[in-house]
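Enquirer: Provided below are the primary sequence and the corresponding predicted coordinates.
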Amino acid sequence: MSRDKQKEEEKEQATQAATLTKEFMSLCRENELDIKSFAKFSGVDSSKVETIRSAIENFESLKESFLEVSCGAA
């Protein structure tokens, strides 16, 4: 793979990660969840598209588990 092609793919991945991160953060705000705590609980790595996408796709079940753990700890 050429260096230019690699840089282009890295840029595309970064753009996609940023877009998904914004979507994830919006979901957290809409559901009144602490973004940092929920991201850590969900295993989100903002540099890895697949972890963000997975958290978005599984948001409702992750939210239920997070709230159970959070309420149980309180």
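Expert: Nice, I can see it.
Enquirer: alpha carbons only for contacts and neighbour counts from here, please
Expert: OK.
Enquirer: Which positions within the helix or strand where Ser26 lies qualify as buried?
Expert: Ser26 belongs to helix 3-30 when assigned by DSSP states H and E. Within helix 3-30, the residues that count as buried by 16 or more other Cα atoms under 10 Å are Ala14, Gln16, Ala17, Ala18, Leu20, Thr21, Phe24, Met25, Leu27, Cys28.
Enquirer: same thing with stretch 46-61?
Expert: Counting neighbours by 16+ other Cα under 10 Å, stretch 46-61 gives Ser46, Val49, Thr51, Ile52, Arg53, Ala55, Ile56, Phe59 as buried.
Enquirer: The second one contacts Thr19, correct?
Expert: No: the pair Val49 and Thr19 fails to qualify as a contact (Cα atoms under 8 Å) at a distance of 9.5 Å.
Enquirer: State the distance from Lys7 to Gln16.
Expert: Distance of Lys7 to Gln16, given as Cα to Cα, to the nearest Å: 14 Å.
Enquirer: picking that back up, specify which member of the buried residues of stretch 46-61 is nearest to Leu33.
Expert: Closest approach between those and Leu33, by Cα to Cα: Phe59, at 11.4 Å.
Enquirer: I'd like to know which elements the helix or strand bottoming out on mean pLDDT in the chain is packed against.
Expert: Using mean pLDDT, DSSP states H and E, the weakest-scoring helix or strand in the chain turns out to be helix 59-73, at a mean of 92. Judged by 3 or more Cα pairs under 8 Å, 6 or more residues apart in numbering; DSSP states H and E, helix 59-73 is in contact with helix 35-42.
Enquirer: Name the next helix or strand following the helix it packs on along the chain.
Expert: Next element after helix 35-42 (DSSP H and E): helix 49-57.
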